[in-house]
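Peer 1: Here's a sequence, model it:
(2 chains)
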2 protein chains.
Amino acid sequence: MSLVTRGYECAPWELRWRGLAVDQLQRTESAFALSNGHIGLRGTLEEGEPRGLPGTYLNGYYEEHELPYAEAGYGYPEAGQTVVNVTDGKIIRLLVEDEPFDMRYGAATEHDRVLDFRTGTLTRTTEWSSPTGRQVRVRTQRLVSFTQRAVVAIRYEVEPLDGKMQLVLQSDLLANEPIETDTTDPRVAAALQSPLESEFYLADGYRAVLVHRTKRSGLRMAAAMDHQIESPDGLRTDILAEEDLARLSIAVDVPQGKVLRMTKFVGYGWSAQRSVPALRAQVDAALAGALQTGWDGLLAEQRAFLDDFWETADIEIDGDPELQQATRFALFHILQAGARGESRAIPGKGLTGPGYDGHAFWDTESFVLPVLTYSVPEAARDALRWRHSTLPKARERARQLGLRGAAFPWRSINGAECSAYWPAGTAAFHVSADIADAVARYYWATGDAEFERQCGAELLLETARLWMSLGHFDRHGRFRIDGVTGPDEYSAVSDNNVYTNLMAQRNLREAAASCERVPEVASLFGVDETELGGWREAAERMYVPYNEELGVHPQSDGFTEHLDWDFAATPPENYPLLLHYPYFDLYRKQVVKQADLVLALHLRGDAFTAEQKRRDFAYYEARTVRDSSLSAGTQAVIAAEVGHLDLAYDYLAEAALTDLHDVHNNVRNGLHMASLAGAWLGVVAGFGGMRDHDGKLTFAPRLPPALDRIEFRMCFRGSRFAVEIHSDSATYRLLSGKPVEIRHHGEPMSVTEEPATRPVPEIDPGPAPHQPSGRAPVHRDPGRVRRNLAASC
Amino acid sequence: MSLVTRGYECAPWELRWRGLAVDQLQRTESAFALSNGHIGLRGTLEEGEPRGLPGTYLNGYYEEHELPYAEAGYGYPEAGQTVVNVTDGKIIRLLVEDEPFDMRYGAATEHDRVLDFRTGTLTRTTEWSSPTGRQVRVRTQRLVSFTQRAVVAIRYEVEPLDGKMQLVLQSDLLANEPIETDTTDPRVAAALQSPLESEFYLADGYRAVLVHRTKRSGLRMAAAMDHQIESPDGLRTDILAEEDLARLSIAVDVPQGKVLRMTKFVGYGWSAQRSVPALRAQVDAALAGALQTGWDGLLAEQRAFLDDFWETADIEIDGDPELQQATRFALFHILQAGARGESRAIPGKGLTGPGYDGHAFWDTESFVLPVLTYSVPEAARDALRWRHSTLPKARERARQLGLRGAAFPWRSINGAECSAYWPAGTAAFHVSADIADAVARYYWATGDAEFERQCGAELLLETARLWMSLGHFDRHGRFRIDGVTGPDEYSAVSDNNVYTNLMAQRNLREAAASCERVPEVASLFGVDETELGGWREAAERMYVPYNEELGVHPQSDGFTEHLDWDFAATPPENYPLLLHYPYFDLYRKQVVKQADLVLALHLRGDAFTAEQKRRDFAYYEARTVRDSSLSAGTQAVIAAEVGHLDLAYDYLAEAALTDLHDVHNNVRNGLHMASLAGAWLGVVAGFGGMRDHDGKLTFAPRLPPALDRIEFRMCFRGSRFAVEIHSDSATYRLLSGKPVEIRHHGEPMSVTEEPATRPVPEIDPGPAPHQPSGRAPVHRDPGRVRRNLAASC
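Peer 2: Numbers count the residues shown, from 1 in each chain, chains lettered A, B, ... in the order given. Have a look, this model is predicted:
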């Protein structure tokens, strides 16, 4: 008997997959990943096989490899970094009467996995008949603790269903697990092949520890496990440790109606500095804490942590249950990626897979941090602390490039630039303005003066210095920034990218404002009035090209003069374009991979008139192919602002479902954190119309016709409040803290405990924009969606 | 006793180096290289050691290697090509009374090498005392035959100076000689390490043959040698052959006053197709021909070939003997590079060294072919036939890039693109217009209708098609070419590069004209009236940006808005800039590596007014650093045209002396053919003011004050004529053939056998332009030069 798989089941607070579907394992392992931002476990089955791609990651733990160039150039990074699969502590193998429990053999009558957004656990329930016909029920539950960041806990229960049987459990720590990789670069493959060298191993009782070190980057890590066992009498146990394996084996005869229960606690730690004994002590201490708290205690802490999160950040969507689920899935994974990173990066894939080599990009600051800033601000702060900790590398990089201040890397794990293609990497200097923007947003949203003194001001002033050395006043007195790359990866190295110039303008202004607030920090870094004056003048005179003839902003100088891409002649199978056309061809034509000017309309909406936004949006809609998962969320935001609410809804759904529907066919390597964040942006900045220019919180809510109601929550300067949107009105109410001053469609008001309802004004969006042939988002018909989902929702 | 080395000695018809100077060997080996365009031998000593870098090259014979990319992209070439050092047939070792003749031991009382521009031979004379005190005179002479292109001949003479002695000679064919390489790429190094696999070897009598094949590119080559020996009685000989070595050994006692003379003939052949027996037969046949002609016959043919060349192409310079020598050195090496290439490329270094991996670039068409077109037109034709033979690859490359017509490679040996950095390679589409320009020039200069039918028209029409697909008519009806790279390698990927657009314009016009001349060819390739009309319209409406405010042409759109490079803050040791600054920084600022707009002023001078040339030249002089050896010759041409004759003289000297003075510190890897060609351009197009727009030959001669007289010769449509320039007049006289219609400073005239003298009009050049700080050419004071050279000239 085989189980029918219908994909994920729809439910408001969980993600469930029923049945096995070996060929879908790799993508579901990404969706079922557990993480606390420090440790990440892909959602592999406990028994190790069948599997898609096993993965256990420690944030910031990587191996180095050489970056090869057929033609090298000055300033090209020489070393790449790639996240490595560390010692796997998830593995618990079961033998049923000497038969390995392997779902590829025998038969499963029930099998499902559930990721629960409120308990923060992944549960798996399987009823299985062995090839010799013996029946067991296996139930496992695991968590990566939000409250004890070095701790993973797994409960494993086996119950005989057809009489007494001998059960053997083998609980492993397994290092240098053989894995497959997509890479074609032999250097990267080599770095991933057995990256760990054993330094220490020990086993005693129910406890074991393995210490390893990466071969080239020289980072040390330790993994330790301990166990609690509840079993019938007659238990026999054995433990061993060797270089790459520790294993606790237990064997016992279990009668029908009884349960064999093992609780496994795993502690992880790593360091570039600390010794083997120090790391061993660290993981032992983590285990001691976990054992003291116990399984039930860890579960309770996990639940409490998540209850608090949802009270601050939940989004309710009435009228589209799939979108409801996807939005909570998104929020849950963003929390997992950011919660306990604590001065480490938030990678583009979180800790859900090896995609992008585990690197962090500007998406963190521009997409993920806005979510965290208004839901878990201390997580946003910690991510920015990571950037601050990399300032020495960013300063050195600026020096190497002949610039002042700090030039943050396009992609990195440890803060050093790892991008081997400079036109799309090094030249994308906007990353530094994006970091500054996130710093300013965090400051305005929290008023965290301590962070500003310790980190924020320095980040702002060093990035401001970067722009002063990147740009120059031309003979007309305009401040130009030439030869840089904006967000759109189908253009590169052009003059006066509007997004970059406007974000640099904000950076310069916020840096000046911060230096005024904390003059002692400013003077520590040698910022004087002359320098401040220079920043203000450059901001004031920032050049923003505009094509008067067409009445639109060119993405960069000259963009609107370029040939339009021939979309009609581009067959659907030629997307994403970068796999079928040379950069040369893409860069010189009007084709946009992802929101660039449109992202400026969002993040620097204060620099555009409503009419400009309408015209610019329509112009770029016709040229944007969304070959990047970063785009749909932003397009949702601006579509909503200019009144194309159906279109905004389509884009929101695309962003929210990117990973669950595997839109880009690469979820197997990890989830897209920025796209998940795009779901939040589409709701809060899109239908909520939330903007935070200059620290002023404004809203312009509108509901798309397809939905009945949206409610979202956020926090701001220590207060929590909710915004509830209906088709003709919106209601604001304070949940905790002091009243919050906002604007509703331009009208000032206070959000207080007394719910305040305001009407939603009409908007005439004008004619619908069109997208390139075949590139319109899937039109979301909630009626059809509801019918399709009726069985499971 | 050690010999004093003072560098090259000055003489009008030869290049001589007296003394050994082991540390200078590698660069002198380049200067003393012999080649006929098919075979190239670096000027190593016969005895093999001491040596700089041994090298024997066969035009078009290469090994392939993988091109690595840390981040690959669509359309990136996957395979590189690199010239390999083939079986060395130059080696003749001498033992003097059992002591190896090695100039690092014992003592030389005389040692000089002479490259003779009229005999086409490299002669070496050494008087040497062995460590045990025995004295010999060794005299060798070698040639790579211009008339028998597969043949190398070496005469080796030894004379005992202090009594009878036993002499042993070992004459080798040596394959897979160990060599050092500058490359840091392990793949290239691997390709160069023992690149040849033995397929056949045989020795018999005085003759031996080795056949090898490259491991990856699969090209087969054969080398064979035969010998004639004149010796006293008592000669004992022995011959052997093994996989990578064949050796004829001879031993004889030679009394004082007698000479042991060996004449070695070496035949080379290679093929991608032919079998081992076929190649063996080919080299045997080459040897048979050489033996039949004999040493004296080969010498006589060589002399006759060169006499004819100098009668057509000689340049006489009175008043600067060093420049006289350098100019003939340049012409001699250009002849060597191009004479017998016969449908193979002319590499950037000719066959003088492994620099640039042995690749050919656009320099061939834009710098070398003009020289050959007006001196050895059949060599220009053959080089263009090579381009024609690569049309299938160029069409395929265009298809891969989404273009029509033919896209010729930036760098290649076999016609496939080998450039691994697309912004400076693939995007430099001007190479295709440069080829078209060379085709048109050759046609106008020769009227070669057969070549036009077979190759020329097809090259023109396929490149015209490239431009039609690269450019587009904008909404103002202008034809734009966006996102391409011009000649200047310190800019890349910009819109409407003036040089590119103007060269594309000529390409389109010449293609249309050619299709009208040979409609049967046009129709064979499907060119109809509509297509022709499109070419004419695009040419007519070609957009040429101009900065009205500054009154100069921007090199490309936006260039004149960029920040000026801070030359004052650039220390001398930071040149060449590309080794000390990132491309990112160079591309976005006004700094020019090599003539780009100024090259347009030369090659498309018909598109500019005299005033524009004056202003543009001054503007770009202030921004051009000449980090490329391609630049000085062009700057000489335009400096002369706008009247800065002293400056033109300085640039001419720089171009002509680039290799003899090792200006770029890389002559060790080969001579710079384009810079050598720049010497001819500086004289003929510079001081001669020769232009050939639309096939009309015009002159505007002027003499720099430092020189007394220049006379140059050239051929045009089967006629030869001479132009003699004095300070106030110029004289034209026909040397052979029919009268030639020209213009002298705008005035039409006929060049006939009766010398015609015309006055040189005055010119007011206005204020002298300035160069970036520290980058002015060395000012050439002929008085000082003459004084310095007095001893040797």
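Peer 1: Domain map for chain A?
Peer 2: By the assignment in automatic domain parsing, chain A contains the domains A:45-305, A:321-702.
Peer 1: chain center to the helix or strand harbouring A:Leu372, what's the gap?
Peer 2: Assignment of secondary structure by DSSP states H and E places A:Leu372 within helix A:369-373. The gap between where helix A:369-373 is centred and where its chain is centred comes out at 11 Å by C-alpha atoms, centre = their mean, to the nearest Å.
Peer 1: what sits up against it?
Peer 2: Taking contacts as C-beta atoms under 8 Å, 6 or more residues apart in numbering or on different chains, the residues outside helix A:369-373 that touch it are A:313, A:331, A:334, A:338, A:379-380, A:383-384, A:438, A:441-442, A:445-446, A:677, A:680-681, A:685. Any C-beta I mention is one placed from the backbone N, CA and C, and that applies to glycine too.
Peer 1: List the ones among the residues you listed that fall in helices.
Peer 2: A:313, A:331, A:334, A:338, A:379-380, A:383-384, A:438, A:441-442, A:445-446, A:677, A:680-681 (DSSP state H).
Peer 1: List the residues that contact A:Phe584.
Peer 2: Residues in contact with A:Phe584, defined by C-beta under 8 Å, 6+ apart, are B:Gly75, B:Leu401, B:Trp422, B:Thr426, B:Ala427, B:Gly483, B:Val493.
Peer 1: helix or strand for it, which one?
Peer 2: Of the helices and strands defined by DSSP H and E, A:Phe584 is found in helix A:583-587.
Peer 1: With only the CA atoms kept, save that helix in PDB.
Peer 2: The C-alpha atoms that make up helix A:583-587 are tabulated as PDB, following Å, rounded to 0.1, in the frame of the first residue of the first chain:
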ATOM      1  CA  TYR A 583      25.400  39.500 -19.700                       C
ATOM      2  CA  PHE A 584      26.600  41.600 -22.600                       C
ATOM      3  CA  ASP A 585      23.200  41.300 -24.200                       C
ATOM      4  CA  LEU A 586      21.200  41.800 -21.000                       C
ATOM      5  CA  TYR A 587      23.100  44.800 -19.800                       C
END
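Peer 1: on that earlier part again, ranking the domains of chain A by burial, who's on top?
Peer 2: Most buried of the domains of chain A by mean neighbour count (mean count of other C-beta atoms under 10 Å in any protein chain shown) is domain A:321-702; its value is a mean of 23.
Peer 1: That domain: end-to-end distance?
Peer 2: Distances were taken as C-alpha to C-alpha, to the nearest Å; on that basis the terminal residues of domain A:321-702 are 19 Å apart.
Peer 1: how close does the residue positioned nearest the centre of chain A sit to A:Phe361?
Peer 2: Taking C-alpha atoms, centre = their mean, the centroid of chain A lies closest to A:Met673, which sits 2.5 Å from it. With distances defined as C-beta to C-beta, to the nearest Å, the gap from A:Met673 to A:Phe361 amounts to 10 Å.
Peer 1: cool, A:Pro321 as well?
Peer 2: 32 Å.
Peer 1: cool, A:Leu703 as well?
Peer 2: Distance of A:Leu703 to A:Phe361, computed by C-beta to C-beta: 33 Å.
Peer 1: so how far is B:Gly643 from the residue in the stretch 601-750 of chain A that chain B sits nearest to?
Peer 2: Across the stretch 601-750 of chain A, no residue is closer to chain B than A:Asp627, which sits at 12.5 Å (C-beta to the nearest C-beta). Here the criterion is C-beta to C-beta. By it, A:Asp627 lies 55 Å from B:Gly643.
Peer 1: for A:Gly783, same thing?
Peer 2: Plainly put, A:Gly783 is 81 Å away from B:Gly643 if you go by C-beta to C-beta.
Peer 1: where are the low-confidence patches of the stretch 101-250 of chain A?
Peer 2: Applying pLDDT under 70 to the stretch 101-250 of chain A flags the ranges A:182-188, A:191.
Peer 1: how does it look with 80?
Peer 2: Counting by pLDDT under 80, the stretch 101-250 of chain A shows low-confidence ranges at A:180-192.
Peer 1: At which residues are the helices of it located?
Peer 2: Using DSSP state H, counting those that start in this stretch, the helices of the stretch 101-250 of chain A run over residues A:186-192.
Peer 1: how about the strands in it?
Peer 2: Applying DSSP state E, counting those that start in this stretch to the stretch 101-250 of chain A gives strands spanning A:107-116, A:121-129, A:135-144, A:151-160, A:165-174, A:196-204, A:207-214, A:220-230, A:236-242, A:245-254.
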